[in-house]
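Asks: Task: produce atomic coordinates for the following.
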Amino acid sequence: MGEKDATFAGSIPDIYDSYLVPLLFEAYASDLARRAAAAEPLRVLETAAGTGVVARALAPLLRSDAHYVVSDLNQPMLDRAASRQGPDRRIAWWQADAMNLPCEDESFDAVVCQFGAMFFPDKVAGYRETRRVLKRGGRFLFNVWDRIEENEFAEVVTESVAKVFPSNPPRFLARIPHGYHDREQIERELREAGFPRVEIVTLEETSKAPNARHAAIAYCQGTPLRAEIEARDAARLEEATERAAEAIAQALGKGPVSGKIQAHVVVARA
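Replies: Just a heads-up that it's a prediction; the model follows:
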């Protein structure tokens, strides 16, 4: 994974939050928030929080005396998250790397990470760092996307953008968001990192967009796929977006569009 694969800067945070969050992340954020809140944790850490979709779902479910640290590697994403969250004395906002957390050992009851583990350059090391900051018996709750063939929008966008750059197709979506989907590998790496109990469930949801162009902008301009496109030819970003919109409309219909999305939800106990 290159540095640009984990960079969400420039106009990406705003587009990500306005387009991609409602398209893909809200349903899974609600699910993760419910699972995290069920044990009534007093100290919660969120890593790779992005623009705060989980925080907006989880904070209302936590106890009044809870302490909730919301962190992300990218300050622009964290700024967007904080601006969307109402005043809440229980929440602290940290710019932090999930691979090197500025926390004491065994300091949290729960760690939550929504679609961030795929970006860990060393999965086992990232899981060990999470295990380090969890109290004994604490829970690590996270989700990762299933393979790209189970996620219709991502697959259509990847194939259509590849046609714009046939000699060097941008593969960010297949390589990173949908590249870490093997359940046996995930469980094996968590156990290697020191988690003795691991539960994984696969959840299918339906992604909806008001039109095909909305979905195309979400993927082509609201993710690091944009950097891959611009690295090949920045002048062709709009062309790639339009080709993706046309492909989505052809595959999933004109007007409001919907497609299957699928992810694995993981609960690992320390």
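
Asks: quick check: longest helix of the chain.
Replies: Ranked by residue count under DSSP state H, the longest helix found in the chain is helix 237-252.

Asks: just checking, what packs against that helix?
Replies: Counting contacts by 3 or more CB pairs under 8 Å, 6 or more residues apart in numbering; DSSP states H and E, helix 237-252 is packed against helix 152-164, helix 212-221, helix 225-233, strand 257-269. (C-beta placed from N, C-alpha, C; glycine too.)

Asks: Quick one, which of these gets closest to Asp14.
Replies: Closest to Asp14 of those is helix 212-221 (CB to CB; 10.0 Å).

Asks: what is the orientation angle of that closest one with helix 237-252?
Replies: In terms of direction (axes from the mean of the first three to the mean of the last three CA atoms, to 10 degrees), helix 212-221 departs from helix 237-252 by 130 degrees.

Asks: Next, the buried residues of helix 212-221.
Replies: Neighbour-count burial for helix 212-221, counted by 16 or more other CB atoms under 10 Å, picks out 212-221.

Asks: try stretch 228-240
Replies: Buried residues in stretch 228-240, counted by 16+ other CB under 10 Å: 228-230, 232, 236-237, 240.

Asks: quick revisit: which one of the helices and strands packed on helix 237-252 lies nearest to Pro102?
Replies: strand 257-269 (21.7 Å).

Asks: can you give me the angle that closest one makes with helix 212-221?
Replies: Following the same axes, to 10 degrees, one obtains 40 degrees for the angle between strand 257-269 and helix 212-221.

Asks: and strand 257-269, what other elements does it pack with?
Replies: On a contact count with 3+ CB pairs under 8 Å, 6+ apart, strand 257-269 meets helix 26-37, strand 134-145, helix 152-164, helix 183-192, strand 197-209, helix 237-252.

Asks: circling back to that earlier point, now the helices and strands packed on helix 237-252 in CSV, with mean pLDDT and distance to Tyr28?
Replies: Formatted as CSV, those follow (pLDDT from 0 to 100; distance: least, CB to CB, whole Å):
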stretch, mean pLDDT, distance to Tyr28
helix 152-164, 98, 14
helix 212-221, 96, 15
helix 225-233, 96, 19
strand 257-269, 98, 6
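
Asks: about what we covered before: rebuild the helices and strands packed on strand 257-269 as TSV, extending it with distance to Ala117.
Replies: Below are the helices and strands packed on strand 257-269 laid out as TSV (distance: least, CB to CB, whole Å):
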stretch	distance to Ala117
helix 26-37	12
strand 134-145	5
helix 152-164	17
helix 183-192	8
strand 197-209	12
helix 237-252	26
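
Asks: Out of the buried residues of helix 212-221, which comes closest to Tyr19?
Replies: Among the buried residues of helix 212-221, and counting by CB to CB, the member closest to Tyr19 is Ala218, at 3.7 Å.

Asks: Quick check: chain neighbours aside, which residue is closest to that closest one?
Replies: Excluding its sequence neighbours, the residue lying closest to Ala218 (CB to CB, 6 or more residues apart in numbering) is Tyr19, at 3.7 Å.

Asks: where does that neighbour land on pLDDT?
Replies: With respect to pLDDT, Tyr19 scores 89.

Asks: same check, this time on Phe8
Replies: 47.

Asks: tell me which element Trp94 falls in.
Replies: strand 91-95 (DSSP states H and E).
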